[in-house]
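>>> coordinates only, no sequence provided:
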């Protein structure tokens, strides 16, 4: 019998270490570029059906365990599952919506704070490693959202579950790996949308209220200070919350720093690296060692594994620990610039189109196109 499960149910199975075999039926190149943890690839063509060799392969992979099938949208995994059913498999499930739905699965993790008034929630987009934030005040039951993704309902629900109404929406920068939902969220709930004032230099066409270096927003008694930290992008803003938490966007991660050539280009990446070096050493590293770093991304590998932390658990680091452990922060300027410009990883897919959408110069036609543009994990770290 063929059953269906949701992306959330698949995540629960994985996290509970249930014994099952996950088979991805997409073509090999799509699978290699990005897939769910521990999946095996058996490319399947519904017109050809299962060959004897493929059936033998599935038998060896399954080893009498339940089978879960997944593909891009469910178009090949569903007939694959029915093919297995006809060959005697009595416990086969299909992930509804496939990798498209997997890319939209979220978890929310609470961040510990020293203030009774301050509440912070980290909103994790599991498959891409995007991290957004709800920063709120218990006293006023109000919150700001930082770096919302296009699944804006996830942030509305996270804020509501924490007991907050949203009063402002902020982006740390113009994102290159995913379509921002911040401007849309602000419009949906009727509140101001903010970017750093240097965003004007990038031709951002969305309506926004600019923030300058040192500007302070208040949510109840919670203060959020905007710090201009160019490097990954020219308009990058970090947000210092009550002097104890720093939302770093793509400036500083728990295992790396932001790459610089996505905006500045290969020929001018060294200028971005120079700017990033100054932002790190003259702004961020001037803060207290006890500052909690809350980045805009975590590293998810192409095979769906978290390089740091676990899904649903807070991804954070103490600045003093990063100062001692992260080799990027130990390099002098010349070595830092050389490393960022000569060892850049593969660029995020479709990043130029994503940037054009996030500046308002282009629009995305529908959900299918947006999903296609975003497929794959983020790749914004150096």
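Yep, it's here. These numbers come from a predicted model, not from an experiment. Numbering: from 1, shown residues only.

>>> strands along the stretch 201-350 of the chain, start to end?
Using DSSP state E, counting those that start in this stretch, the strands found in the stretch 201-350 of the chain span residues 209-211, 216-219, 222-228, 237-241, 245-249, 292-295, 317-318.

>>> and stretch 245-258, how far out from the chain's middle?
On the basis of Cα atoms, centre = their mean, to the nearest Å, stretch 245-258 sits 13 Å off its chain's mean C-alpha point.

>>> swap in stretch 330-342?
Its chain's C-alpha centre and that of stretch 330-342 lie 26 Å apart, by Cα atoms, centre = their mean.

>>> now that stretch: average pLDDT?
Averaged over stretch 330-342, pLDDT sits at 94.

>>> so which bits of it are buried?
336-337, 339-341 (16 or more other Cβ atoms under 10 Å). To be clear about C-beta, it is placed using only N, CA and C from the backbone, and glycine gets the same treatment.

>>> ok, now stretch 290-299?
Result for stretch 290-299 [16+ other Cβ under 10 Å]: buried residues 291-299.

>>> could you check how far residue 334 is from residue 36?
Residue 334 sits 41 Å away from residue 36, taking Cβ to Cβ, to the nearest Å as the criterion.

>>> next: residue 352.
27 Å.

>>> neighbour count for these two, which is higher?
Neighbour totals were compared for residue 352 and residue 36, and residue 36 leads with 23 against 12 (other Cβ atoms under 10 Å).

>>> list the contacts for the closest residue to the more buried one other than its chain neighbours?
The shortest distance from residue 36 to any non-neighbouring residue, by Cβ to Cβ, 6 or more residues apart in numbering, is to residue 304 (4.7 Å). For residue 304, the contacting residues are 34-39, 127, 377, by Cβ atoms under 8 Å, 6 or more residues apart in numbering.

>>> repeat the analysis, applying 10 Å as the threshold.
Contacts for residue 304 were tallied using Cβ atoms under 10 Å, 6 or more residues apart in numbering; they are 14, 22, 34-39, 102, 126-127, 377.

>>> between those residues, which has the most around it?
residue 127 (27 neighbours).

>>> for residue 249, see how far away the spatially most central residue of the chain is.
Residue closest to the mean C-alpha point of the chain, counted by Cα atoms, centre = their mean, is residue 130 at 1.2 Å. According to Cβ to Cβ, residue 130 and residue 249 sit 11 Å apart.

>>> give me the common contacts of the two.
147, 175, 296-297, 380.

>>> and these, which is closest to residue 62?
Relative to residue 62, the closest of the shared contacts of residue 130 and residue 249 is residue 297; by Cβ to Cβ it sits at 34.6 Å.

>>> what's around residue 230, how many residues?
Counted with other Cβ under 10 Å, residue 230 comes out at 25.

>>> so who does it touch?
Residue 230 neighbours (Cβ under 10 Å, 6+ apart): 173, 196, 198, 213, 236-237, 251, 260, 263-264, 271-272, 274-276, 278-279, 283.

>>> below-threshold pLDDT in this protein: ranges please.
Scanning the chain for pLDDT under 70 picks out nothing.

>>> where exactly do the helices run in it?
For the chain, the helices defined by DSSP state H occupy 7-15, 28-33, 52-62, 77-86, 98-102, 152-161, 182-189, 261-282, 319-325, 333-342, 351-358, 367-374.

>>> TSV please, covering those and showing distance to residue 309.
Listed next are the helices of the chain as TSV, based on distance: least, Cβ to Cβ, whole Å:
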stretch	distance to residue 309
helix 7-15	13
helix 28-33	23
helix 52-62	29
helix 77-86	29
helix 98-102	19
helix 152-161	18
helix 182-189	24
helix 261-282	22
helix 319-325	14
helix 333-342	24
helix 351-358	25
helix 367-374	22
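
>>> what's the closest of those to residue 135?
Using Cβ to Cβ, these put helix 152-161 closest to residue 135, at 9.9 Å.

>>> ok, and what's touching the closest one?
Residues outside helix 152-161 that contact it (Cβ under 10 Å, 6+ apart) are 104-108, 121-125, 132-136, 141-149, 151, 164-167, 169, 180-189.

>>> in strands, which of the residues you listed appear?
106-108, 121-125, 132-136, 142-146, 165-167, 169 (DSSP state E).

>>> among those residues, name the buried ones.
Neighbour counting over these (16+ other Cβ under 10 Å) leaves 106-108, 121-125, 132-136, 142-146, 166-167, 169 as the buried ones.

>>> how much space between residue 125 and residue 256?
18 Å.

>>> typo on my end, residue 163
Counting by Cβ to Cβ - residue 163 and residue 256 are separated by 35 Å.

>>> the more surrounded of those two?
Neighbour totals were compared for residue 163 and residue 256, and residue 256 leads with 20 against 12 (other Cβ under 10 Å).

>>> these two touch, right, that one and residue 295?
Yes - the pair residue 256 / residue 295 is scored as a contact, 9.3 Å apart, by Cβ atoms under 10 Å.

>>> overlap of the contact sets of these two?
Both residue 256 and residue 295 are contacted by 250, 308, 380-381, under the criterion Cβ under 10 Å, 6+ apart.

>>> could you dump the buried residues of stretch 330-342 into JSON lines with distance to residue 327 added?
Formatted as JSON lines, the buried residues of stretch 330-342 follow (distance: Cβ to Cβ, whole Å):
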{"residue": "336", "distance to residue 327": "10"}
{"residue": "337", "distance to residue 327": "15"}
{"residue": "339", "distance to residue 327": "9"}
{"residue": "340", "distance to residue 327": "13"}
{"residue": "341", "distance to residue 327": "16"}
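
>>> coming back round to it: among the strands of the stretch 201-350 of the chain, which comes closest to residue 116?
Checked against Cβ to Cβ, the stretch from the strands of the stretch 201-350 of the chain lying closest is strand 222-228, at 11.1 Å.

>>> show me what counts as buried in that closest one.
222, 224-228.

>>> and the residues you listed as CSV, adding distance to residue 48?
Output for those, formatted as CSV (distance: Cβ to Cβ, whole Å):
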residue, distance to residue 48
222, 59
224, 57
225, 60
226, 57
227, 57
228, 57
